[in-house]
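> return a 3D structure for these sequence lines:
(chains A and B)
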Amino acid sequence: MPDTAAATRLVAHFEAGLDAPICLTWELTYACNLACIHCLSSSGRRDPRELTTAECFGVIDELQAMQVFYVNIGGGEPTVRRDFWEILDYATAHDVGVKFSTNGSRITEQAADRVAANDYLDVQISLDGASAAVNDAIRGPGSFDTAIRALERLAEAGAPSFKISVVITRENMDQLDDFEALADHFGAQLRLTRLRPSGRGADVWDRLHPTQSQQRRLYDWLVERGDKVLTGDSFFHLAAYGEPLAGLNMCGAGRVVCLIDPVGDVYACPFAIHDAFRAGNIRTPGGFQSIWRESELFTDLRQPQTGGACASCSQFDSCRGGCMAAKFFTGLPLTGPDPECVLGNGESLLSLLPERDVPRPAADHSRRRPVSSCDESPLAGFEVIR
Amino acid sequence: MAAMPFELERPWHLDRQVAIRPEPFGALAYHFGTRRLSFLKSRKLLDVVQALDEQPTALAACRSAGVTDQELPVYHRALATLASSGMVVEQADHA
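Numbering: from 1, shown residues only, chains lettered A, B, ... in the order given. Predicted coordinates:
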């Protein structure tokens, strides 16, 4: 472990922002063949303004010049883009590693072989339940089997490192050990992330976000595992329970991470698709680099944070006020507590706001109707009149 | 902390799969093989690491980067840590 003083100094550097992100999330399309009820980007339909193949190559050239080591590619379902593998090959040939997230529906044997053969390519399969019942209630009918089949193919292909990526909810919290067993079974690494009230997640957050006692159990479980289970620094608000979890334990939005969305808009983080957190568009002169280095929003996010209402809290140094996106989309002030503050300060503040007027995301690409009834059964929805 | 002994008198080099990005505080180092990100906490350590390739030994790399006798134990430890995570590897042809 690095000594604490040095680590603190390092975090101070990160809070002031780096010349280039450590990594960034790049969503390639809003199109998705699933309609998960908690989708943080409200994906479903493709946006006609999405970046062309040539524009994607241009982004990669910029990232290479800025020495961004890798991108987390997601969506929507990124693999539905016809040029998906072309973009991946271009990135990895230009020193930009790729980690992509998928629901697994297009991880054919051939795709699994491709992942296994490329040292600069990682994949994570999204799974939000360790059983079909729990997973499919969130991700849709058949999605559990699809994900498991993808994991089998990756294991058979001998992919050296792939992940199972789980969004922790009230429903799957009791399955932590099952997720771990599943990951061990496939030789995969387990990654747990936090449910944010972003995108369609706002519609289900109230009933699906972990309870206080579940949060405590999650914290203890994660502390026991150390860096064996990845979290993408997602649960840093839980640091207020005691020792910090593995990771930087800070909000990296606009400081060490950001999001490029399918139409080239740059947001402070993947969970903040809203005008308030949009720093610019890569199609404007200066491209991504000038947005990262000079945009007003990012410059602002790199200023020392005062902590607002939380500044006098004994735990402020641990949790740093929590997640900006979680506050914003639950209608809480950004200078106040996280809605899942472990001391309950967020919860009591939320209860004081009876009619919550919460901001809606900038873009909603949800399909206008839930997935076509034909996706379940060709006869679903047809009433037979006798 | 790194338990592996790191011999300063031997030739070392940065693993070919490691990319280094200079930063105001030092540098970020990313290993594409292990997917590990490391933070080099000073510019001088960056200079040492970058000098490994052209210098016959790790000690020579430290000297060329201006590491003093007093500082040497700190840099020795830092190099040992980098070696234990595979960022820095011993020259293979040196038996």
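
> need phi/psi at residue 78.
Since you didn't name a chain, this refers to chain A. Here is the backbone geometry of A:Pro78 (degrees, to the nearest 10): phi -60, psi -30.

> wait, chain B was what I had in mind.
Here is the backbone geometry of B:Ala78 (degrees, to the nearest 10): phi -60, psi -40.

> what about it, how many residues nearby?
B:Ala78: 21 surrounding residues under other Cβ atoms under 10 Å in any protein chain shown. Quick note: C-beta positions are derived from backbone N, CA and C, even for glycine.

> correct me if wrong: it contacts B:Leu45.
Yes: between B:Ala78 and B:Leu45 there is a contact at 5.5 Å, judged by Cβ atoms under 8 Å.

> which element is the residue nearest the centre of chain A on?
In chain A, the centroid-proximal residue (Cα atoms, centre = their mean) is A:Pro270; its distance is 6.0 Å. Counting by DSSP states H and E, no helix or strand carries A:Pro270.

> please name the residues that touch it.
If a contact means Cβ atoms under 8 Å, 6 or more residues apart in numbering or on different chains, then A:Pro270 has A:Thr25, A:Glu27, A:Leu40, A:Ser41, A:Gly74, A:Leu259 as its contacts.

> what's the pLDDT at it?
Looking at A:Pro270, its pLDDT reads 94.

> for chain A, which residues are neighbours of chain B?
Residues of chain A lying close to chain B by Cβ under 8 Å from any Cβ of the partner chain are A:1-2, A:6, A:9-10, A:13, A:18-20, A:22, A:67, A:69-70, A:95, A:97, A:119-120, A:122, A:161.

> return the subset of those residues lying in strands.
Here DSSP state E is the test, and those give A:Tyr70, A:Gly97, A:Asp122 as lying in strands.

> the second one contacts A:Gln67, doesn't it?
It stands for A:Gly97. No: proximity of A:Gly97 to A:Gln67 does not meet the contact threshold set by Cβ under 8 Å, at 11.6 Å.

> ok, those two, which is more surrounded?
Per other Cβ under 10 Å, whichever of A:Gly97 and A:Gln67 has more neighbours is A:Gly97, with 21 against 17.

> dump the residue contacts of the more buried one.
A:Phe69, A:Tyr70, A:Val71, A:Ala91, A:Tyr120, A:Leu121, A:Asp122, B:Tyr30, B:Phe32, B:Arg35 are the contacts of A:Gly97 under Cβ under 8 Å, 6+ apart.

> those residues into a markdown table, with extra columns for distance to A:Leu218?
Shown next, in a markdown table, are the contacts of A:Gly97 (distance: Cβ to Cβ, whole Å):
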| residue | distance to A:Leu218 |
| --- | --- |
| A:Phe69 | 29 |
| A:Tyr70 | 27 |
| A:Val71 | 28 |
| A:Ala91 | 33 |
| A:Tyr120 | 32 |
| A:Leu121 | 30 |
| A:Asp122 | 24 |
| B:Tyr30 | 29 |
| B:Phe32 | 31 |
| B:Arg35 | 24 |
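
> can you put these in a markdown table and add distance to A:Ala326, pLDDT and neighbour count?
Output for the contacts of A:Gly97, formatted as a markdown table (distance: Cβ to Cβ, whole Å; pLDDT from 0 to 100; neighbours: other Cβ atoms under 10 Å in any protein chain shown):
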| residue | distance to A:Ala326 | pLDDT | neighbour count |
| --- | --- | --- | --- |
| A:Phe69 | 27 | 93 | 23 |
| A:Tyr70 | 25 | 93 | 24 |
| A:Val71 | 24 | 96 | 24 |
| A:Ala91 | 30 | 97 | 25 |
| A:Tyr120 | 32 | 90 | 21 |
| A:Leu121 | 31 | 93 | 23 |
| A:Asp122 | 27 | 93 | 21 |
| B:Tyr30 | 29 | 93 | 22 |
| B:Phe32 | 32 | 89 | 18 |
| B:Arg35 | 27 | 85 | 17 |
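
> of all these, which comes closest to A:Tyr241?
Nearest to A:Tyr241 among these, counting by Cβ to Cβ, is B:Arg35 at 27.9 Å.

> how about the strands of chain B, start to end?
Counting by DSSP E, the strands of chain B are B:12-14, B:18-23, B:26-31, B:36-40, B:88-90.

> rank the ones you listed by mean pLDDT and give me the bottom one.
Looking at those, the bottom one is strand B:36-40 with a mean of 89.

> if you count neighbours, what's buried in it?
B:Ser38, B:Phe39, B:Leu40 (16 or more other Cβ atoms under 10 Å in any protein chain shown).

> and the helix or strand A:Gln289 falls within, what does it pack onto?
According to DSSP H and E, A:Gln289 maps onto helix A:287-294. With contacts taken as 3 or more Cβ pairs under 8 Å, 6 or more residues apart in numbering or on different chains; DSSP states H and E, helix A:287-294 sits against helix A:53-65, strand A:265-267, strand A:278-281.

> can you pull the buried residues of the shortest one?
Pointing back at strand A:265-267 there. A:Asp265, A:Val266, A:Tyr267.

> again, but for stretch B:77-85
Buried, per 16+ other Cβ under 10 Å, within stretch B:77-85: B:Ala78, B:Leu79, B:Ala80, B:Thr81, B:Leu82, B:Ala83.

> stretch B:21-30 too?
B:Arg21, B:Glu23, B:Phe25, B:Gly26, B:Ala27, B:Leu28, B:Ala29, B:Tyr30.

> what's in contact with it?
Outside stretch B:21-30, the residues that touch it by Cβ under 8 Å, 6+ apart are A:9-10, A:13, A:18-20, A:22, A:67, A:69-70, A:97, B:18-20, B:36-43, B:45-46, B:49, B:82, B:87.

> can I get the least confident helix or strand in chain B by mean pLDDT in PDB? Just the C-alpha atoms.
In chain B, no helix or strand scores lower on mean pLDDT, DSSP states H and E than strand B:36-40, which sits at a mean of 89. The C-alpha coordinates for strand B:36-40 follow below in PDB (Å, rounded to 0.1, in the frame of the first residue of the first chain):
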ATOM      1  CA  ARG B  36      -2.600  -2.300 -13.800                       C
ATOM      2  CA  LEU B  37      -2.300   1.400 -13.400                       C
ATOM      3  CA  SER B  38       0.600   2.700 -11.300                       C
ATOM      4  CA  PHE B  39       1.400   6.200 -10.200                       C
ATOM      5  CA  LEU B  40       4.900   7.400 -10.200                       C
END
